[in-house]
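Peer 1: kindly return the folded structure for what I paste below:
(one chain, ligands or ions: 1)
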Amino acid sequence: MLHTNLSRLLASGGPKRLISTVNKLTTVEVNDKTGIAILTMNRPPVNGLNLELLQDLKSSIDEIEGNKSRGLILTSSSPTIFSAGLDILEMYKPDMDRCRAFWSQLQETWLALYGSSVPTAAAINGHSPAGGCLLATSCEYRVMVPKFTIGLNETQLGMIAPQWFMSAFLSVLPQREAERALNQGRMFTTEEALRVGLIDETANSKEEAIEKCAAFIGTFAKVNPLARSLTKQQFRAADLQQLKNGRKEDLEKFLFTVSQPALQKGLGIYLEGLKKKVKKQ
Ligand SMILES: CCCCCCCCCC/C=C\CC(=O)SCCNC(=O)CCNC(=O)[C@H](O)C(C)(C)COP(=O)(O)OP(=O)(O)OC[C@H]1O[C@@H](n2cnc3c(N)ncnc32)[C@H](O)[C@@H]1OP(=O)(O)O
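Peer 2: Numbering: from 1, shown residues only. A predicted model of the protein is given here:
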């Protein structure tokens, strides 16, 4: 009951304090009463994860870790897109120095989110392909609004999701389901995602999704925070360590992959398809 009241207060726009507007592409709002932080991505039109958005996400996660928030809810300011995943323009005809910085920042941001010491939840208020799905599956709980899609569609782009994308996916889905979905590059509708367990709940609006995420975070209210966070970290330690140990090799594989002419050709065609779709409407 206490948890429900807390979450209602949060969602009803109860007393909220904007504690950070420093980052250009993210905001952090901490509710004074509940202590839960809402981290909002705000890079129109589709929250494409470029270097700057990834930097802002990392610094917002650090801020939430540092200000003793009781939990983190990740969401988007767009009414239809949670995140379109990696900004393809970071990988298409890239400047290699920037590309290096981009991938290193993606690694850094993932380590911070997946390894966060506070309870994390994603209020998925729009489409969430590829890198968007990575962010959502790196959280501990997912609530999604109907009529959107989520999944790792990398193979559809002729790309291979790195091991750590798979780790986050596998922390949510059974191996058989995860393997098939990744091989197919399958995008799940909200309803399908609920059925397979890729999301935990559905909600009719962003506000309700945030309320349900807050209720999840509220379930830890009476649990010793240090014991909870160390337990979470033990569960995730092997996945985190695997990337920490292999960061350099992972970066080199990425740079090699994006420098392949066949991949560049495929990305060009994919981007063209996205733009043609816009013109048709
Ligand atoms: C062994 C290990 C080897 C290691 C190698 C590593 C290799 C890399 C692995 C990682 C690879 C990929 C991860 C990714 O995240 S790639 C990105 C995947 N994302 C997508 O496929 C989503 C594409 N977008 C969409 O499907 C739709 O845009 C949408 C999200 C459903 C939204 O639809 P909408 O109708 O609302 O908007 P739309 O008109 O399509 O888009 C508006 C403008 O935004 C542009 N855009 C959309 N998505 C992206 C994107 N991801 N990156 C860049 N730009 C994007 C779109 O082109 C429109 O632009 P404009 O207005 O026409 O200029």
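
Peer 1: E52 contacts N23, correct?
Peer 2: No: using CB atoms under 8 Å, E52 is not in contact with N23; the gap is 9.1 Å. The way it works is simple: take the backbone N, C-alpha and C, and place the C-beta from them, glycine included.

Peer 1: neighbour count for these two, which is higher?
Peer 2: For E52 versus N23, neighbours defined as other CB atoms under 10 Å are more numerous around N23 (19 against 16).

Peer 1: now the terminal residues of stretch 80-96, how far apart.
Peer 2: End-to-end distance for stretch 80-96: 32 Å, by CA to CA, to the nearest Å.

Peer 1: ok, what's across the strand from the residue lying closest to E201 once chain neighbours are set aside?
Peer 2: Excluding its sequence neighbours, the residue lying closest to E201 (CB to CB, 6 or more residues apart in numbering) is V143, at 4.6 Å. On the basis of DSSP bridges, V143 is bridged to A123, E201.

Peer 1: what residues are up against V143?
Peer 2: Each residue near V143 by CB atoms under 8 Å, 6 or more residues apart in numbering is listed here: 121-124, 199-203, 208-209, 212-213, 216.

Peer 1: switch to 10 Å and redo it
Peer 2: Applying CB atoms under 10 Å, 6 or more residues apart in numbering to V143 gives the contacts 73, 75, 121-125, 136, 194, 199-203, 206, 208-216.

Peer 1: give me the neighbour count for V258.
Peer 2: Quick note: V258 (other CB under 10 Å) scores 20 neighbours.

Peer 1: list the contacts of the residue most central in space within the chain.
Peer 2: For the chain, the residue sitting closest to the mean C-alpha position, by CA atoms, centre = their mean, is L135 at 1.5 Å. Shown in contact with L135 (CB under 10 Å, 6+ apart): 41, 47, 49, 57, 74, 76, 82-83, 85, 109-110, 113-114, 120, 122, 124, 128, 168.

Peer 1: now the helices for the stretch 101-250 of the chain?
Peer 2: With DSSP state H, counting those that start in this stretch, the ranges of helices along the stretch 101-250 of the chain come out as 131-138, 163-170, 175-184, 190-196, 206-218, 225-258.

Peer 1: tell me the most buried of those?
Peer 2: Greatest average neighbour count among the helices of the stretch 101-250 of the chain goes to helix 131-138 (a mean of 28), per mean count of other CB atoms under 10 Å.

Peer 1: what does the stretch 151-281 of the chain have sitting close to the ligand?
Peer 2: 153-154, 157, 159-162, 253-254, 257, 274-275, 277-278 (CB under 6 Å from any ligand atom).

Peer 1: these: which two are farthest apart?
Peer 2: Using CB to CB, those span at most 32.1 Å, a distance reached by K253 and V278.

Peer 1: quick one: low-confidence parts of the protein?
Peer 2: Residues of the chain meeting the criterion pLDDT under 70: 1-22, 277-281.

Peer 1: and the closest residue to T120 other than its chain neighbours, what does it touch?
Peer 2: Of all residues not flanking T120 in the chain, C139 sits nearest, at 4.1 Å (CB to CB, 6+ apart). C139 is in contact with 72-74, 113-114, 116, 119-124, 168, 172, 200, 213, 216, counting by CB under 10 Å, 6+ apart.

Peer 1: and what of Y141?
Peer 2: Y141 touches 71, 73, 119-123, 172, 199-201, 212-213, 215-217, 219, counting by CB under 10 Å, 6+ apart.

Peer 1: tell me, how many residues neighbour the residue in the stretch 101-250 of the chain that the ligand sits nearest to?
Peer 2: For the stretch 101-250 of the chain, the residue closest to the ligand is A130, as judged by CB to the nearest ligand atom, at 3.0 Å. Neighbour count for A130, taken as other CB under 10 Å: 25.
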